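Engineer: got a predicted model here, sequence first, then my questions.
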There are 2 protein chains.
Amino acid sequence: MSAAYTELQDRFARMSAISGAQSMLSWDQATMMPAGGAPVRSRQLAVLSVLQHDILTAPETGGLLDRATAAAGELTSMQRANLNEMHRVRIHACAVPASLVEALSHASAKCEITWRSARADNDFAALSPKLTELVSLVRESAAARADALGVTPYEALVDLYDPGSRVAEIDRLFGELQAFLPDLVLRIMDKQASVTKPVLPTGPFPVKAQEQLARALMQRIGFDFTHGRLDTSHHPFSGGVPEDCRITTRYDTQDFTSSLMAVIHETGHALYERGLPLEWVDQPVGRARGMTVHESQSLLYEMQAARSKEFLGWLSAELRVSFEASGPQWDGTNITALYRNVAPSLIRVDADEVTYPLHIMLRYELERALIDGSMKVSDLPAAWNEGMRQRLGVTPGDDATGCLQDIHWPSGAFGYFPSYTLGALTAAQMFRSACIAEPDILTELARGRFGRLNIWLRDNVHRKASICSTPELIEQATGQILGTATFRAHLEQRYLLD
Amino acid sequence: MSAAYTELQDRFARMSAISGAQSMLSWDQATMMPAGGAPVRSRQLAVLSVLQHDILTAPETGGLLDRATAAAGELTSMQRANLNEMHRVRIHACAVPASLVEALSHASAKCEITWRSARADNDFAALSPKLTELVSLVRESAAARADALGVTPYEALVDLYDPGSRVAEIDRLFGELQAFLPDLVLRIMDKQASVTKPVLPTGPFPVKAQEQLARALMQRIGFDFTHGRLDTSHHPFSGGVPEDCRITTRYDTQDFTSSLMAVIHETGHALYERGLPLEWVDQPVGRARGMTVHESQSLLYEMQAARSKEFLGWLSAELRVSFEASGPQWDGTNITALYRNVAPSLIRVDADEVTYPLHIMLRYELERALIDGSMKVSDLPAAWNEGMRQRLGVTPGDDATGCLQDIHWPSGAFGYFPSYTLGALTAAQMFRSACIAEPDILTELARGRFGRLNIWLRDNVHRKASICSTPELIEQATGQILGTATFRAHLEQRYLLD
């Protein structure tokens, strides 16, 4: 192993410590920080971003990469994969000057803060100037990255969250979805209209009882509380570092259903992080592959496993115990129907898995237009409402339940949305392959157990980290490239035949 | 203002952001972090230490300092004071190579973790090798700093926590204390033996009620919850950054007294941080002056103000309401006597203000011996027990209540202890000056109000930040250099005459 490679590993370990520090500070910002801490936190995060950028773009780092690459013959295949990832992240970093990194960090922090009150006040006009400024910086960064990668500016942003993902491929998959989803939604709604509507059990459901149940479920799924925490935040998320996974949820005392599934979703993210190969945890090759694979893990637990009739049957009995409740609304049949209700709605995070991709396709269309400059921020509310009407047949009554609902754009994340739906497609394909390889998975789920599913995912996904590309990972795990057929079959089976 | 000075301000602002990030991560480590997060947190903190060290010791930073100093005539007095502080911290940093900074960071993190279990298990042998290794690194760092500062190695460590503080001065003050304290303790104990012993009200005191009372008191004292939090940790501490003060306490359901005073103590620290001049918050001159002044602020609130008979009278009524209690043990007389009980004891953090300096003098003697090499770590338990017997007349039954009780040495903090007692002396002098300047302070305390005291401290201490030295700050605030007379008079008044 060359001295250059060893020195590179040290440098990337240092960057990993800095980015881990950032993760913890971001978690704190969303869960613990008092409002008055926002400006200084924004400075801390910006400085840490620039420090990583400085190390990554330093000419010495480039020289070390050249020398290590020249002597790559001495490296193991894992080390070569690591070197490839180092090259990849450095290309992104070198494309963007430090001043832009800092400006983006500050502008997104400010825009996100403005968004919080703008959404609460249903005041798009308050957000518009800050978002316009942020979009302008993001476009600058996208153009610079596009030049370096030889792709379009929007693709360069997608590549940040999902390395190697390209618009042609997203268009192919989204096109297929568009061809069957709208009709499928109608057929499912027809079918659901013909049977008894599920009933939401009446609360209140004390936060304490919900939290205890959430923790018990997390432990059951395989979350290790000596390496992580559960807290509350405005929006559920998964943060921290692989050795210290911080997931969050929020509680509604009138409705336990969404908090519980959020916890299962975030636990799926956390298991992926915890399952990454520990010996490579501070190197680029040891990181999660990208947001499509990440989202596939959370959705696999939330949508595929936890909404299976096997698991929901088991869960309904648990719910009765946790909430000391009884009555027909707690029957497996009602709880299952409750968790499988399909209807076009305004809010993405509350959407069912059938209509969810339609929300994503709208955002994909709009964010491409914002980045290629064919749409202005000020045109967003009208375009949003029209898009919702066309795609989902519902029109938001205000911007708070319309284009102000998501944190992504105000926090500077453009190109992130497609990974939710690519993740859902991946989850369907992986869960099917896992169940074929391990037929006991469903039997276990019927007893609230996740052992075999976890092992299959650890071996076929988690441990793969960033050794291969996302398409390779999916093909190795499922035997085929990513498509929509398994997802479609899953939806038809669950919502039309089950 | 020269370009060099402007660039220096930028560099120091960047370092301030990094050290602020460290503060938050340290707070998280003590309050939120699951045990499994320790190794990666230790790496994060070490990397952030080295990054600051790299910026500070960079030859360019030295060049900028030279150029800014040459053009110091263009600067305001505040900017010149800032430049002086920049020089000061750079001398410390340049004395110690980055490799030693990193080694110290890792060794202290490891030693602190070992200490936690060693203390719980009363197992000094488990700590001894790790502490020996740490002391060896600390001595290396002390020797290097001593050369650069032209002081003794131990003084160089003291200088880290309390810039400019020298052993001759500490010896003078501690010598004066030694001359009157042991006798005073006996006289106070005699007097207290002649009156009814105070009674600890019987609990339980629910954590929730204690926490509500603590928050109400904090707010009353002037803590701003939009810029800070109260949490629980194994040991109470004050952390975070001036814009986001994180203080902690711990609750004992059988005894509310210590948690409450800990909260008042930490609130004193937080008010100092919050009172620093905001426009200089990211510059060396804008920081708290040192640990003596810091400790003076916490002790001023805890010992001088909150243990005044005026405040304790008011507090006893509050306690009755908070705990929905009644009976003679809640009378102002009993509560006051309870909070003023004097008796030699084993544990420093539980000691009364009269015997507390004796605990510090022992630690001062022992840590000097560890640093000058005249004592080995393995000799610590015997020396500790003998010192306790001689100075306080009590001998620990085990090391857990002996030399394992404090976190300071296992976390690498040598030279820190004197500031507790220097702070107590300073607090006595400052409180007296404040009460002379603002005679209403005691009247306000009798109504649970802190307004005038806060204003006096803000103007005479907090806003002074690091503009002048600690002796100058004390002399400007109190009209005299630091001595023991006011502290002695305070103790005699409170414990023999009141």
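Structural biologist: Yep, it's here.

Engineer: element containing the residue most central in space within chain A?
Structural biologist: By C-alpha atoms, centre = their mean, chain A has its centre lying nearest to A:E295, at 4.4 Å. Assigned by DSSP states H and E, A:E295 belongs to helix A:291-299.

Engineer: circling back to that earlier point, the residue nearest to the centre of chain A and A:F431, how far apart?
Structural biologist: Distance, A:E295 to A:F431, using C-beta to C-beta, to the nearest Å: 13 Å. The way it works is simple: take the backbone N, C-alpha and C, and place the C-beta from them, glycine included.

Engineer: and what of A:R250?
Structural biologist: Here A:R250 is placed at a distance of 27 Å from A:F431 (C-beta to C-beta).

Engineer: do A:L65 as well
Structural biologist: 38 Å.

Engineer: so which of the two has more stuff around it?
Structural biologist: Using other C-beta atoms under 10 Å in any protein chain shown, the more surrounded residue of A:L65 and A:F431 is A:F431, with 25 against 18.

Engineer: A:A30 and A:S238 touch, don't they?
Structural biologist: No - under the criterion of C-beta atoms under 8 Å, A:A30 makes no contact with A:S238, lying 11.1 Å away.

Engineer: spit out the residues that contact the two alike.
Structural biologist: Common contacts of A:A30 and A:S238, defined by C-beta atoms under 8 Å, 6 or more residues apart in numbering or on different chains, comprise A:T248.

Engineer: quick one, which of these two is more surrounded?
Structural biologist: More crowded of A:A30 and A:S238, by other C-beta under 10 Å: A:S238, with 22 against 17.

Engineer: show me what contacts that one?
Structural biologist: Contacts of A:S238 (C-beta under 8 Å, 6+ apart): A:C245, A:R246, A:I247, A:T248, A:E266, A:H269, A:A270, A:E273, A:S298.

Engineer: try 6 Å
Structural biologist: A:I247, A:E266, A:H269, A:A270 (C-beta atoms under 6 Å, 6 or more residues apart in numbering or on different chains).

Engineer: sort out for me which of the residues you listed are in helices.
Structural biologist: Residues of the contacts of A:S238 located in helices (DSSP state H): A:E266, A:H269, A:A270.

Engineer: what about A:E324, which SS state?
Structural biologist: Put simply, A:E324 is coil when judged by DSSP: H, G, I helix; E, B strand; the rest coil.

Engineer: okay, now it: neighbour count?
Structural biologist: Using other C-beta under 10 Å: A:E324 sits among 7 other residues.

Engineer: next: A:T486.
Structural biologist: A:T486 has 20 neighbours, counted by other C-beta under 10 Å.

Engineer: the strands in chain A, which residues?
Structural biologist: For chain A, applying DSSP state E gives strands covering A:228-232, A:238-241, A:244-249.

Engineer: could these go into CSV alongside mean pLDDT?
Structural biologist: Below are the strands of chain A laid out as CSV (pLDDT from 0 to 100):
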stretch, mean pLDDT
strand A:228-232, 98
strand A:238-241, 98
strand A:244-249, 98
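
Engineer: what's the most buried one of those?
Structural biologist: Highest mean neighbour count of the strands of chain A: strand A:244-249, a mean of 27 (counted as mean count of other C-beta atoms under 10 Å in any protein chain shown).

Engineer: what's that strand packed up against?
Structural biologist: Taking 3 or more C-beta pairs under 6 Å, 6 or more residues apart in numbering or on different chains; DSSP states H and E as contact, the helices and strands that strand A:244-249 lies on are strand A:228-232, strand A:238-241, helix A:257-275.

Engineer: which stretch among the ones you listed comes nearest A:R340?
Structural biologist: Smallest distance to A:R340 across the helices and strands packed on strand A:244-249 (C-beta to C-beta): 11.2 Å, for helix A:257-275.

Engineer: dump the residue contacts of the residue in the stretch 1-150 of chain A that chain B sits nearest to.
Structural biologist: Residue nearest to chain B within the stretch 1-150 of chain A: A:G37 (3.3 Å; C-beta to the nearest C-beta). By C-beta under 6 Å, 6+ apart, A:G37 lies in contact with B:E243, B:D244.

Engineer: ok, back up a step: turn the strands of chain A into a markdown table, including distance to B:E60.
Structural biologist: Below are the strands of chain A laid out as a markdown table (distance: least, C-beta to C-beta, whole Å):
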| stretch | distance to B:E60 |
| --- | --- |
| strand A:228-232 | 41 |
| strand A:238-241 | 32 |
| strand A:244-249 | 35 |
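
Engineer: which stretch among the ones you listed comes nearest A:I18?
Structural biologist: When the strands of chain A are compared by C-beta to C-beta, strand A:238-241 sits nearest A:I18, at 11.5 Å.

Engineer: distance from the chain centre to the closest one, please.
Structural biologist: On the basis of C-alpha atoms, centre = their mean, to the nearest Å, strand A:238-241 sits 12 Å off its chain's mean C-alpha point.

Engineer: longest helix of chain A, counting residues only.
Structural biologist: helix A:3-31.

Engineer: buried ones in that one?
Structural biologist: A:4-5, A:7-9, A:11-12, A:14-31 (16 or more other C-beta atoms under 10 Å in any protein chain shown).

Engineer: can you sort out which of those residues also neighbour chain B?
Structural biologist: Applying C-beta under 6 Å from any C-beta of the partner chain to those, one finds that A:R14, A:A17, A:G20, A:A21 fall near chain B.

Engineer: which non-adjacent residue is nearest the second one?
Structural biologist: What that stands for is A:A17. Closest residue to A:A17 apart from its sequence neighbours, by C-beta to C-beta, 6 or more residues apart in numbering or on different chains: B:V47 at 3.9 Å.

Engineer: give me the neighbour count for A:S77.
Structural biologist: Other residues near A:S77 come to 8 when the count uses other C-beta under 10 Å.

Engineer: hmm, back to that, ok, so of the ones in helices among the contacts of A:S238, who is nearest chain B?
Structural biologist: Scanning those for proximity to chain B, where the rule is C-beta to the nearest C-beta, the winner is A:A270, at 12.0 Å.

Engineer: the closest one: neighbouring residues, count only.
Structural biologist: If you count neighbours by other C-beta under 10 Å, A:A270 ends up with 29.

Engineer: looking at it, it is touching A:C245, isn't it?
Structural biologist: Yes - look at A:A270 against A:C245 with C-beta atoms under 6 Å: they come within range, at 4.0 Å.
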